[in-house]
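S.K.: build me a model:
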Amino acid sequence: MPAKSSNSTPIRVLIAKPGLDGHDRGAKVVARALRDAGMEVIYVGLRQTPESIVDSAIEEDVDLVGLSCLSGAHMALFPRVLRLLKARRAGNLPVFAGGIIPDGDAKALRKAGIKAIFGPGTTLEEIVTTARKLARPHA
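M.R.: Take a look at the predicted model:
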């Protein structure tokens, strides 16, 4: 059954890999799981700048943004995406993240505005369920 936003259109999710991280298997697996759950997924690929991610999110009129980072640059890149969204008047767009993120960093990222953080071992079902919950009030 397709995941619908409040206006009966599919939930639109942008998945991006900010920075110089060259590993995107996990992001692609998450993108496929969200698509298989009925969401419309826009995967913008590797080595994206925070600016290009925000531009794409706004241009694509997405309901949700997913960021993935394995390079260790999450503390610089994820808050930059949040600041740019706010500057572009899209600060209410929920952002979730995945990667190898230490607990202390995860706490700081949540405080900065990241709505959910998924690490190794998170089930795809949990990611899909969380994405639906995050998108509902904004879709």
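S.K.: the longest strand seen in the chain pairs with which strands?
M.R.: For the chain, the strand reaching the highest residue count under DSSP state E is reported as strand 40-48. Strand 40-48 has its sheet partners listed here by DSSP bridges as strand 12-18 (parallel).
S.K.: quick one: the partner strand to chain centroid distance?
M.R.: In terms of CA atoms, centre = their mean, to the nearest Å, the centre of strand 12-18 is set 5 Å apart from its chain centre.
S.K.: name the element Lys133 belongs to?
M.R.: Applying DSSP states H and E as the criterion places Lys133 in helix 124-135.
S.K.: and Val65, by the same measure?
M.R.: Here Val65 is assigned to strand 64-69, by DSSP H and E.
S.K.: show residues contacting that strand.
M.R.: 11-19, 21, 24, 26-27, 30-31, 34, 53, 57, 74, 77-78, 81, 85, 93-99, 101, 131, 134-135, 138 (CB atoms under 8 Å, 6 or more residues apart in numbering). Any C-beta I mention is one placed from the backbone N, CA and C, and that applies to glycine too.
S.K.: which of the residues in stretch 41-57 are buried?
M.R.: Taking 16 or more other CB atoms under 10 Å as the neighbour-count basis, stretch 41-57 is seen to contain the buried residues 41-44, 46, 48, 50, 53-54, 56-57.
S.K.: quick one: which of these is nearest to Glu125?
M.R.: The closest of those to Glu125 turns out to be Val41 (CB to CB; 16.4 Å).
S.K.: dump stretch 120-127 to CSV, keeping only the CA atoms.
M.R.: Below are the C-alpha coordinates for stretch 120-127, written out as CSV (Å, rounded to 0.1, in the frame of the first residue of the first chain):
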residue,chain,number,x,y,z
PRO,A,120,24.1,0.0,12.1
GLY,A,121,21.6,-2.6,12.9
THR,A,122,18.5,-0.4,12.5
THR,A,123,15.8,-2.4,10.7
LEU,A,124,14.4,-1.1,7.4
GLU,A,125,10.9,-1.4,9.0
GLU,A,126,12.0,1.0,11.7
ILE,A,127,13.3,3.5,9.1
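S.K.: cheers, nothing more for now.
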